[in-house]
Each structure stands twice: as C-alpha cells, then as structure tokens.
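In: Below are the sequence and a predicted model; questions follow.
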Protein chains: 2
Amino acid sequence: MESQQNYDSLATTLRDRRVRLAQLIDFPVILWAGKSYPRNFPANPFPFRASSHFLYFAGLPLEGAAIYLNDGRLELFLDEPSPASTLWHGEMPKREEIAQQMGADAAFPLSELASRTADAATLAVQDIATYQQQEQLLNRCVNRANAPEGIDRDLAKAIVSLRLCHDAEALSELRKAAAVTVAAHKAGMQAIGGRDVATECLYEATIRGAMEGMILAHNMSCAYGSIVTVHGEVLHNEQYHHPLQPGDLLLADVGAETERGWAADVTRTFPVTGRFSATQRDIYETVLAAHNACIEKIHPGVEYRDIHLLAAATLTQGLVDLGILRGQVSDLVERDAHALFFPHGIGHLLGLDVHDMEDLGDLAGYAEGRVRSDRFGLGFLRLDRPLQPGMLVTIEPGFYQVPAILNDPERRAKYQDVVNWNRLAEFADVRGIRIENDVLVTPEGSEVLTATLPTEADAIEELVLLGGRN
Amino acid sequence: MESQQNYDSLATTLRDRRVRLAQLIDFPVILWAGKSYPRNFPANPFPFRASSHFLYFAGLPLEGAAIYLNDGRLELFLDEPSPASTLWHGEMPKREEIAQQMGADAAFPLSELASRTADAATLAVQDIATYQQQEQLLNRCVNRANAPEGIDRDLAKAIVSLRLCHDAEALSELRKAAAVTVAAHKAGMQAIGGRDVATECLYEATIRGAMEGMILAHNMSCAYGSIVTVHGEVLHNEQYHHPLQPGDLLLADVGAETERGWAADVTRTFPVTGRFSATQRDIYETVLAAHNACIEKIHPGVEYRDIHLLAAATLTQGLVDLGILRGQVSDLVERDAHALFFPHGIGHLLGLDVHDMEDLGDLAGYAEGRVRSDRFGLGFLRLDRPLQPGMLVTIEPGFYQVPAILNDPERRAKYQDVVNWNRLAEFADVRGIRIENDVLVTPEGSEVLTATLPTEADAIEELVLLGGRN
C-alpha cells in the first residue's frame, strides 16, 4: 500500500495530463486497461500488464478497467471483485477508494460504460479479448494501434505529444526503475565475482537469475525479455543455456519496470573472467567512445538521427584505427560500412514501454512527415526527431560479428575493399559488445539516469573481480 | 542445446505416447502450440508457453507450430524462421532438424496443414489468436477446452487417460522441477537466515526475488504466479510489498517448470525470525500431522477424496486437542467445521500444468460420472478419483484465519457451538499455514518428490536460522 501523499501526487499529475490532453482534442476518449492472458489454463494467468496508454492517464494497473476522459474529466469504470474472490485474493480496495486514489471525478461499474461510447476515440489494446470488446462497445471498426484512423489517429497524435516529454511523476518512476536496474546489473557481476569460470559450472542462466532476482526483490518486474548471453552477436538472444567459459564476454541487456509500468533499459558487456583480452578491450573502447560521444552531443534541438550518425562515425573511426576498416570515415558511413558491425539504431524512446509508444508504429518515433530510410545503416533507427527536454532515450552503440551479415556473399563483395578480413579475424573473441544507458534530455544537455553503473573497461573489470560489491 | 541421446529418449517416448493414443481413438488429431502474447507492443512478448497437450505429444515448445497425429504417425507443421529473423534471433534449428529431434515422420510448412484438417479432432488452446485459427482451419466450431464436444471430447478423454499416469520421461522432468523447487525454497530461507527482521528492511519481495532468482538460475521458469506472503490467510495472494516483521510467518508457494513444461508445486511456511511462537508451533504441528497422515495413506486404489477427508479429520482432531473446536471429530467433519480453517481441497493433479489438465474442466480431476459436491468442505476438491501408480498429486493441508469466512455472521451462527472463539483468539499470530509436497503414487505406496525440503518445525527453524545452507 502506498501513502496517501503518493496518491495525492499521482492524482495531481493525472489531472494535469488529462487537462493537457483536453487542450489538444475536443472529443471524449475511452482507454481500456486490458486483461491478463491465461497461461496453460485460465486460473493460471501470466502477470497482468496494463495498456501503457491507460496507465498514463489512470496511473494504476487496474485489470479489466476502462477510463473515460472528456474535457479534463476522468471517470473510472471498474467492477468490484466478487465476494467469492475475497476468499482467494483477500480484501481489495473498493471502486470508490481506487477512484479517490486516482482523483477520478466519478466511478461506475463496467456495465455503465456503454452510456459513454458515443463519439469516443480509443486506441486498440494488445489483448484480443479486450480488443473485441472495444469494437463491440464502440460499435465500429477500431484499427490496430499501429494504424489508427480518424479521431483515433488524432488521439494517438495527442497522446504522443504528451508522452514524448516526461513530467515529474513519470521521471520519479523512471529514476526508480533505473536505480533498480543498476542494482540488478551489479548483482549479475557479483554472481560471477571471485568465481573461476574454468572450473565452476556457471551458465548464462546463473547470471540472469541473479539479475532478475534483484529486480523481483525490489517488487518490480522485467520491462522486457532479458538478454543475458555469451553470444551477443545474436541481437535478441533469449536463450540462457550456454556455459560461461574463459575468454567469453557476457552481454546483459536487462531492465526493470516499476509497479506502475515505467521502464529502464540497460546493457553492459563484461568479461566473465573479469579481464578483457587486448582485442576485446580494443573493441570495447571503440564502442565506449561512440557511447560517450553520443551522450556528449545530446542537447535540445539536436536531431536524434545525427546522434545515430555520430555513433556510426565514431565506431567507424575506431575500426579504421584498429585496421579493421579502410578508407575515409565519412565515405565509409555513407556506404553503411559501419552497419556491417552495428546493424541497429543507436536507441529509442523510453517510458511506459521499453520502446516507448512502439504500439503506435512510427507515430511517436518519427516526426511528422518523416519515414524510415531504406538504407542498411539507417532502416533500423527507431527514433528520428529533434530532441526536446524531458525526452528519455537510450544510447546503445554496439559491435557485433553477425554471421548472417558477415558471411553474406553479396555484402562481402560489396564491402570487399573496405574490410581487412585478416585483421578482423584477429578479433574473433569479440562476438558482440553493447553499452547502453538511459539518457534524459535536459534544458542544459543531458542526464544519464543509469550513470551509477560504470561503463569504463577498468571499472567494469573491478566490479566483476570484486564481486560487484562496491 | 541438448545431447542427441536426450533427443533419442524424447523421440522414443513421444512415439510411445502417440501409439497409446492411437489405441484409444480412431480419428486424426491436430494440436496447436499457440503463440506468445504481446506485452505492451508486439515486439515485446511475454515468454512463450506452449499448450500442454501439444507439449505432451511434441515434447518441445515450438511457438506457432502444429502437430498432426494419426494412427501412431507424427507430422510436424512449422514455418522456418525468416532470413531477417536470423539477424535478430540467431541461427535456429531447421524444421527438418527439429522434426528429427522429435522423431516426427514428416515435416511441412504450416500452409500444408489445411490438407490434414478433414475429420481431425482438436482441443482449443488458450490464446484467442490461435483459437480462431483452429476454428478457421477446421472450418467448424471448436468449443473451449473445458467443454469439448464430439470427437474433441473423445480426444480429451483419451488424453486424460494418458496424461493421468506419468511415463519415465515425464517423471524425469518432474523430478528436475522438484529438485530446483527445493533449491528455490532453501534460497528463500537463506535470504532471511541470520538477518534481524526487526532492524533490517526485508519485504516479501526480498524472499520472492531469492526464490525465483534460483529458479531462473537453473534455466527454468515459474510454473505459476508465486505466493510469498505474510498474509497466508489470503489464499491466492500475489502481492509482495509487505515488510517482514518479528512474529510473522511467511507462506511461500513457489514452483519451477522445466524448459519442456513440467511443473512442481511446493509450499512451506516459516517464521521470519527463525523461531515459531508456541501458538504457531501448535498449529504448524497440527497441519503437519494432517500432511503426514495423508502421505502415509497414499496407495494405489485409495480414493483421493478419502485422503482429503483424512486431512479434514486429522486437522479437526488437532484443533479439538488445542481447544479451538469442540465435539466429536466425525461430527465436526460431517458438518464441515474443518472448512472454517481449511476451505480448500487437499490437492490436485500435477504434471505439465500445475493443476494438471484443468483446461479440460473437471474431465481429468473427476472420475467418469462424478461431479463436484456442493458441500462447503468438499466443493473446492479438484481431484476425485481412485489413485493409480504414476499419478502425481499435491498434498497441501492448511490452516487459515480468513476474515471473510470467520466474520461471516451466517457461518458464525452455524458454528457457534463448535468453535471456542476465545481460545481461537489466542492463536491470532497464525494467519495462514500451508505445507505442500508433490507425491508420486507408486505400486508400493508413494514417493515424495520434494522430500529433500524438510517439513518438521525444528528442521524448518534450523534452515532459516542457519541461512538455509544445509
């Protein structure tokens, strides 16, 4: 249970959010929370995760609820738990009590929602059961969230403009998620610290357990499926069965999510023995240089696309310096040579979703009138907007030796003249490195919310060797 | 990756299962694995959990796959990953390779499945997207799994008769889940061990994190939403925010699930200081007596309902001895007085589902012709069958002071003469105790798969005080 003071602050924030929404649109809105999904039978559900748009205006993860927003007014639609469920789930707060926590103007059972559907806009939720209810109650077609039409599209745009820049309540939650995520990464390093991977049987899963255990211990959940892998070259690797062996780098991309749904997203890559090899350290420093350059450049008004291109240029310069790439950096980036080793975007929006508002397609990520590039080195960029104070973005450059890319005959031919393949072969012990932090755009420049987790190679080594206890 | 030997053993088992199925039915069967559910946007899914019926015959959790079973033959229908997905998810085994692991007779892309749908039976999966595909492909109505009709019902009954008694492969998986679950419970106790809950800030979440972290570290997942609570009287409590305070009992109901989907389900209740109060120990011993009596009685041919009634009688005897209940034990059980404090069944089937085959309603739990009782003390019983060798059941007696039950005026009036309310008030520091183990019915009697986790009060105290290290 939270204190009344917390709820007062929440209620004030929610009022502010819907008043600002009312300045952007002139029609009513209904947002649904959605429902938990059954696992192998209905009484064994996956943990409930409310729709992010609902959470933004309702504040609390209320399964099965809906809210009605109109001209700054908030109405909660929620059924009371059945008497039988009290036996199994205990006394739950009553609808009126929850309505008060949220600062709702009124509260009704769900059956009353039908009286509010005229001319209301909505956004489709992810779960099909609730989605079908949305269409049924509104008595019209509701497009999937990534292709809203009519007033739903107007609503989506209005919500994007609000959610792009975080208010104080959101930042407070995002800072909590960041702090616990830092603790989780330290726990992962501590799980290795002082142990001899050559003789002890440690697995990727060992480290994942330590990290996610720390997140759960803080009563948070994981914002996304953790990546904890010695095969960092598999970008979305969600397998954890490989043993840790001397010489391996472990890439851990793990982030916490607060009870109210706000996310963190952090990656560190560290040697499982606690010591980088010379080749690993060379590449690590190259990725870190890109990371640092990007963060230094973050400032209101700067184009995020330019941050991405700066990462590409910095990485490319590093690879030229190491003798892996040959040529002028600007030419190489122009030819997307960097994307041979860095085939994803420099980052994305972060908020209630780990890729914030990605349910809306590119409506949030791309400024009005912009579309994805078809360039190999730009097509995966998730964000193409000028930065504004209050935006939270990830900065996550990486270097990967992806067989599907590097062994592709067409690409090998295209980049034959710019890659020194023999030199590259000397870096075989670097399969994948990524360094990722969560960076808030401030009026003065930027603030790294996850700065208490070091990035420098020496500091990473020390954390692993000391068991992550400092 | 598993060894070829493991796959050979799996393939042999799967062949045996479908040959036995073919002896029970004379029509083809299609089973779907289902799909993962989107979390807040489609690229951020919840972990995939395949349908249990699919897992039973396919062995491996293959997202989006279907299998066709006919007369002992197995065909796999699965699409190859797209080339683009190789970049993100790495090289995955090819369809033919997976088919070989399973011992399938043939393998095809999903588009070929339409050629196998004539006269095929199926069981509805839990996810609506796949469920709608089932109806579309079979071109007929498919009832939800808890109310199958026609050949689907015949299939359900045949599958129940197979899944009721576990084969060697299943038992091997169930033993793995049990062993990791034991380790998780010890980790939970260790997280408290040696710490002073009066001065240190420990929460239910602290213990949950330690327990689930251990499960993840073994590359398993949780078979169900963990209950880790100082409010054990809330039977399905899934909140973890309460602080641990001296005098609290912590009830932890946590179970692991193997990668192939086999579950464990274990509960222990322990004092967070490491020492039971006299009243807590009195009730604990009473619940333990019921637990032990039930396990001793388990034997092929014994009715599980009689095990439940034995638990009721043993608990009631204990409460009479403590002066909480008054009267003849047999009369008290007849009047359901035990259910004031033990309002659930003694346990349930355990296998691929934590309540095995509960998706089929009571088809698995209740023998042909039997239905749920409307008695307060029997209605929650999930299993009413004679025990057979190879059945795995939980034994989980408990004592709870549930306000919704004990403060109900009607019940208070009904049981006014048999409850010594003043005496009961002396046990206010016992809100909820449950002791749960996973028990295999053997030809000779029973085997407790989770026996390495002690149940005796002294041993529990020792585990907590020593930090669970023995």
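Out: Right, received. Where do you want to start?

In: and A:Arg260, how many neighbours?
Out: Neighbour count of A:Arg260, defined by other C-beta atoms under 10 Å in any protein chain shown: 21. C-beta coordinates here come from the backbone N, C-alpha and C atoms, glycine included.

In: what kind of secondary structure is the closest residue to it other than its chain neighbours in?
Out: Leaving aside its sequence neighbours, A:Arg260 sits nearest to A:Glu173 (C-beta to C-beta, 6 or more residues apart in numbering or on different chains; 5.7 Å). Following DSSP: H, G, I helix; E, B strand; the rest coil, we place A:Glu173 in the helix state.

In: wait, doesn't A:Glu173 sit right on A:Glu257?
Out: No: in this structure, A:Glu173 is not within contact of A:Glu257 by C-beta atoms under 8 Å, at 9.3 Å.

In: Which residues are in contact with each of the two?
Out: Listed as contacting both A:Glu173 and A:Glu257 by C-beta atoms under 8 Å, 6 or more residues apart in numbering or on different chains is no residue at all.

In: Compare the two (neighbour count), which wins?
Out: The neighbour comparison of A:Glu173 against A:Glu257 (other C-beta under 10 Å) goes to A:Glu257, with 27 against 21.

In: How many residues are close by the residue lying closest to that one once chain neighbours are set aside?
Out: Using C-beta to C-beta, 6+ apart and skipping the chain neighbours, the partner closest in space to A:Glu257 is A:Ala223 (3.9 Å). Burial of A:Ala223 is recorded as 27 neighbouring residues (other C-beta under 10 Å).

In: same deal with the one 3 residues further on?
Out: Using other C-beta under 10 Å, A:Ser226 is surrounded by 23 other residues.

In: check contacts around it.
Out: Contacts for A:Ser226 (C-beta under 8 Å, 6+ apart) come out as A:208, A:211-212, A:238, A:252-254.

In: which one in those residues is the model shakiest on?
Out: Among the contacts of A:Ser226, A:Glu238 has the lowest pLDDT, at 81.

In: Quick check: that residue vs B:Ala184, distance?
Out: According to C-beta to C-beta, to the nearest Å, A:Glu238 and B:Ala184 sit 21 Å apart.

In: Those two - which one has more neighbours?
Out: B:Ala184 (29 against 17).

In: What does the pLDDT read for the more buried one?
Out: pLDDT recorded at B:Ala184 is 98.

In: For whichever helix or strand it is part of, enumerate the helices and strands it packs against.
Out: Under the criterion of DSSP states H and E, B:Ala184 resides in helix B:168-192. Counting contacts by 3 or more C-beta pairs under 8 Å, 6 or more residues apart in numbering or on different chains; DSSP states H and E, helix B:168-192 is packed against helix B:4-24, helix B:204-217, strand B:249-254, strand B:256-257, strand B:266-271, strand B:437-442, helix B:457-465.

In: which strands and helices sit next to the helix or strand harbouring A:Ile307?
Out: Per DSSP H and E, A:Ile307 falls inside helix A:304-321. Counting contacts by 3+ C-beta pairs under 8 Å, 6+ apart, helix A:304-321 packs against helix A:278-297, helix A:329-334, strand A:392-395.

In: could you list every residue that touches the nearest residue to A:Gly59 once chain neighbours are set aside?
Out: In space, and not counting its chain neighbours, A:Gly59 is closest to A:Leu10: 4.8 Å by C-beta to C-beta, 6+ apart. Neighbouring residues of A:Leu10 by C-beta under 8 Å, 6+ apart: A:59-60, A:101-103, A:169.

In: Before I go, just wanted to say thanks for your time.
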